[in-house]
Every structure is written in C-alpha cells, then in structure tokens.
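1. Please work out how this folds:
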Amino acid sequence: MSSIIANFRVNKKMAPEELSPATRFEELKMDSLDALNMIFALEEEFEIDIPNEEAAKMKSVEEAIHGVEELLKEKSSASN
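-> Take a look at the predicted model:
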C-alpha cells in the first residue's frame, strides 16, 4: 500500500528513497508521540480503528501495511 508508505514519508519528512516496507520504526527514531500520530493518521486515512494491541505489534512499515490491510478486510467483511 503505497499510501501507507507515503503517510510515513510525510509524517517523518523523509525522501522517498529513505523509506521502504522493510524499514523498522526504530530506524526512524520514532518516539511514542510520533507513533501515536502515525496511528491516528492511518486511522483517519483508512477510516478504521487500530486497537492498541494491534498497534503494539507494528514494528516496521511492512507490519503496519499488513495490519492495516487486515483491518480493512475485517471492515469489509463486517459491512457485507
């Protein structure tokens, strides 16, 4: 999901080549406020709620993508 990567780039003010799905959050030097802001931005963009336990599992951009994709699938299934 390129929009998730774009979200990280904008929030961390990074050049495109500085961020990939394999980038771990510790590499981005994200503090707890950065992490909260990122979660809020993802929730707003995708109109989902990310439970705290799910957010705690997200340690990389790839894990965030996977987590958001799973929540979107659940949301889609619930609306059918």
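
2. Residue nearest the middle of this structure, spatially speaking?
-> In the chain, the C-alpha closest to the average C-alpha coordinate belongs to residue 64, at a distance of 4.0 Å (Cα atoms, centre = their mean).

3. That one touches residue 4, doesn't it?
-> Yes - under the contact definition of Cβ atoms under 8 Å, residue 64 touches residue 4, with a separation of 6.0 Å. Yep, even glycine has a C-beta here, placed from its N, CA and C like the rest.

4. what is in contact with the two at once?
-> Between them, residue 64 and residue 4 share these contacting residues under Cβ atoms under 8 Å, 6 or more residues apart in numbering: residue 42.

5. so which strand or helix has residue 78?
-> Using DSSP states H and E, residue 78 sits within helix 61-79.

6. thinking again about what came up before, can you get me a residue count around the residue lying closest to the residue nearest to the centre of the chain once chain neighbours are set aside?
-> Take residue 64 and drop its neighbours on the chain: the residue closest to it by Cβ to Cβ, 6 or more residues apart in numbering is residue 58, 4.6 Å away. For residue 58, the neighbour count with other Cβ atoms under 10 Å is 20.

7. what's the distance between residue 58 and residue 30?
-> With distances taken as Cβ to Cβ, to the nearest Å, residue 58 is found 11 Å from residue 30.
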